[in-house]
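Student: Pasting the sequence and the predicted model now:
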Amino acid sequence: YEKDGDVDFKTKDNKARIFFAAGEPLNEPIARGGPFVMNTRGEILQAFEDYQNGKF
């Protein structure tokens, strides 16, 4: 891995959607579930509950 350089993507039909994000390390725990990324499994469960209850 180097901080600069090129990345080439090749597809069969030249159609692709790519999202690439980068940033400084958070230095904190990461939990993920479905579309949610939080710090703990409990926060993930709360996010699902909030979503199902229309809170966001």
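Tutor: Thanks, I have the structure now.
Student: first vs last residue of stretch 7-21, how far apart are they?
Tutor: Using C-alpha to C-alpha, to the nearest Å, the end-to-end distance of stretch 7-21 comes to 13 Å.
Student: got a list of contacts for it?
Tutor: Defining contact as C-beta atoms under 8 Å, 6 or more residues apart in numbering, one finds that nothing outside stretch 7-21 touches it. Where you see a C-beta, it was placed from the backbone N, CA and C, and this is true even at glycine.
Student: List the residues that contact the residue positioned nearest the centre of the chain.
Tutor: Nearest to the geometric centre of the chain sits residue 37, at 6.7 Å (C-alpha atoms, centre = their mean). Residues in contact with residue 37 (C-beta under 8 Å, 6+ apart) are 30-31.
Student: So that it lines up with my notes, have the first residue be 50 from now on.
Tutor: Sure, I'll start counting at 50 from here, so that last one is residue 86.
Student: Can you name the helix or strand that it falls in?
Tutor: Element membership of residue 86 [criterion: DSSP states H and E] is strand 85-87.
Student: List the strands paired with that strand, with their directions.
Tutor: Note on strand 85-87: by DSSP bridges, its sheet partners are strand 80-82 (antiparallel).
Student: now what about the partner strand, what contacts it?
Tutor: By C-beta under 8 Å, 6+ apart, strand 80-82 touches 86-90, 92-94, 96-97.
Student: With stretch 98-105 instead?
Tutor: Outside stretch 98-105, the residues that reach it (C-beta under 8 Å, 6+ apart) are residue 85.
Student: For the chain, just list every one of the helices.
Tutor: Counting by DSSP state H, the chain has helices at residues 90-101.
Student: Where does the prediction get shaky in it?
Tutor: 50-52 (pLDDT under 70).
Student: Tell me what the nearest residue to residue 94 once chain neighbours are set aside is bridged to.
Tutor: Spatial nearest neighbour of residue 94, excluding adjacent residues (C-beta to C-beta, 6 or more residues apart in numbering): residue 82 at 7.8 Å. Beta bridges link residue 82 to residue 85 when assigned by DSSP bridges.
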